[in-house]
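1. Next input, structure requested:
(one chain, ligands or ions: 1)
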Amino acid sequence: MGVVNVTPDSFSDGGLFLEAELAVARAKELRRQGADILDIGGESTRPGAHPVSAMQELDRILPVLEDLRGLDVPVSVDTYKPAVMRAALAAGASMINDINALQSETALNAIAASDCAVCLMHKRGNPQTMQGNPHYDDVVNEVRAFLARRVAECEAAGISRSRVVIDPGFGFGKNSMHNLELLRNLGALVGLGVPVLVGLSRKSTLGRITNQPVEQRTIASVSAALLAVQRGAAIVRVHDVAQTRDALRVLGAFEEAGFSFDD
Ligand code: HH2
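-> Alright, predicted model coming up:
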């Protein structure tokens, strides 16, 4: 999944693709580089970000969606607002990526009324507050239980499991240790039986580990994506598509050759 942020303030590519033409060109470039899904976002959710109105978000993403209609790749929209979900689906999006796991009022209805795919992400708190000393007794089990509950709520609302993807929400109310624990135990989420999406690309945990600024985190991000896929992630949400694709090709070739990591 290749990320295109149509925002002025995203932590890694804020302001680069705010013009619709630039965002569309970036989306097409990521497609050429091998993205199987494009994720378009019109509001930053980095720690400390300020929310924008549904109208502002739509002003940013609708021209991009219109232009991407007919491209040979599914388009996802990163939003937690039901009004944006509805308009994005009407404009051709086929997936909604919701960092709020469809907990906003009427979000379940908006998705149930369509046949789109949906990503349910775990987070603790909101972007303004979420990095203020997050605490868990058992991060893996707490995140797992939350996601299992949200998948069940979706099913009860008429959204079949076959449309659902889950995501532990790296960095959303989690410190570096929580993130690493979740990555190491990704199998606990894979065991829920729906595809798992992982978004670690360029995140501050990788900055802390490598001591690199956000624009120098490609190698760390590719390494994290590889670890995630080895542990069962079905989708990795990344900014550096070409580099990630090559790494995943090596892993794919290794696995196809019949070796395993126990060899
Ligand atoms: N991370 C970000 C945004 N959306 N969605 C999912 N499902 N999982 C994630 O880990 C995730 C996400 C944050 O990254 P980015 O979009 O690059 O930055 P910003 O929120 O500042 O636009």
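2. can we go C-alpha only for contacts and neighbour counts from here?
-> Noted.
3. ok, residue 228 touching residue 196?
-> No - counting by Cα atoms under 8 Å, residue 228 stays clear of residue 196, with 9.5 Å between them.
4. The ligand contacts on this protein?
-> Within the chain, the residues that sit near the ligand (Cα under 6 Å from any ligand atom) are 5, 10-12, 44-46, 97, 99, 121, 167, 169-170, 199-200.
5. ok and the residue in the stretch 51-200 of the chain nearest the ligand?
-> Among all residues of the stretch 51-200 of the chain, residue 199 sits closest to the ligand, at 3.5 Å; criterion: Cα to the nearest ligand atom.
6. OK, contacts around that residue?
-> 167, 169, 170, 236, 237, 238 (Cα atoms under 8 Å, 6 or more residues apart in numbering).
7. residues near residue 170, how many?
-> Residue 170 has 24 neighbours, counted by other Cα atoms under 10 Å.
8. Which members of the residues of the chain next to the ligand are positioned in strands?
-> 5, 97, 121, 167 (DSSP state E).
9. Looking at the residues you listed, which one is closest to residue 114?
-> residue 97 (14.2 Å; Cα to Cα).
10. which regions of the stretch 51-200 of the chain sit below the pLDDT cut-off?
-> Across the stretch 51-200 of the chain, the ranges flagged by pLDDT under 70 are 130.
11. longest helix in the chain, by residue count?
-> helix 139-156 (DSSP state H).
12. Which residue ranges of this structure form helices?
-> Under the criterion DSSP H, the chain contains helices at 20-33, 54-68, 82-90, 107-112, 139-156, 176-184, 186-190, 204-210, 218-230, 241-256.
13. which one of these lies closest to residue 1?
-> Across the helices of the chain, residue 1 has its closest neighbour in helix 241-256 (7.9 Å, Cα to Cα).
14. got the angle for the closest one vs helix 20-33?
-> 20 degrees (axes from the mean of the first three to the mean of the last three Cα atoms, to 10 degrees).
15. What is the neighbour count of residue 191?
-> If we define neighbours as other Cα under 10 Å, then residue 191 has 12 of them.
16. Give me the phi and psi angles of it.
-> phi -60, psi -10 (degrees, to the nearest 10).
17. Show me just the buried residues among the residues of the chain next to the ligand.
-> Among the residues of the chain next to the ligand, those classed as buried by 16 or more other Cα atoms under 10 Å are 5, 10-12, 44-46, 97, 99, 121, 167, 169-170, 199-200.
18. Settle this for me: residue 5 is touching residue 19, isn't it.
-> No - with contact defined as Cα under 8 Å, residue 5 does not count as touching residue 19 (10.5 Å).
19. shared neighbours of these two, anything?
-> Joint contacts of residue 5 and residue 19 (Cα under 8 Å, 6+ apart) do not exist.
20. Leaving out the residues flanking it, which one is nearest to residue 21?
-> residue 64 (7.5 Å; Cα to Cα, 6 or more residues apart in numbering).
21. Ok, residue 14 next?
-> Per Cα to Cα, 6+ apart, closest to residue 14 is residue 8, 4.7 Å.
22. Look up phi and psi at the one you found.
-> Note on residue 8: its backbone torsions stand at phi -90, psi -10 [degrees, to the nearest 10].
23. okay if I get the helices of the chain as a markdown table plus distance to residue 39 and mean neighbour count?
-> Conversion of the helices of the chain to a markdown table gives the following (distance: least, Cα to Cα, whole Å; neighbours: other Cα atoms under 10 Å):
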| stretch | distance to residue 39 | mean neighbour count |
| --- | --- | --- |
| helix 20-33 | 9 | 18 |
| helix 54-68 | 11 | 19 |
| helix 82-90 | 12 | 20 |
| helix 107-112 | 17 | 19 |
| helix 139-156 | 21 | 18 |
| helix 176-184 | 22 | 17 |
| helix 186-190 | 22 | 20 |
| helix 204-210 | 20 | 16 |
| helix 218-230 | 16 | 20 |
| helix 241-256 | 12 | 15 |
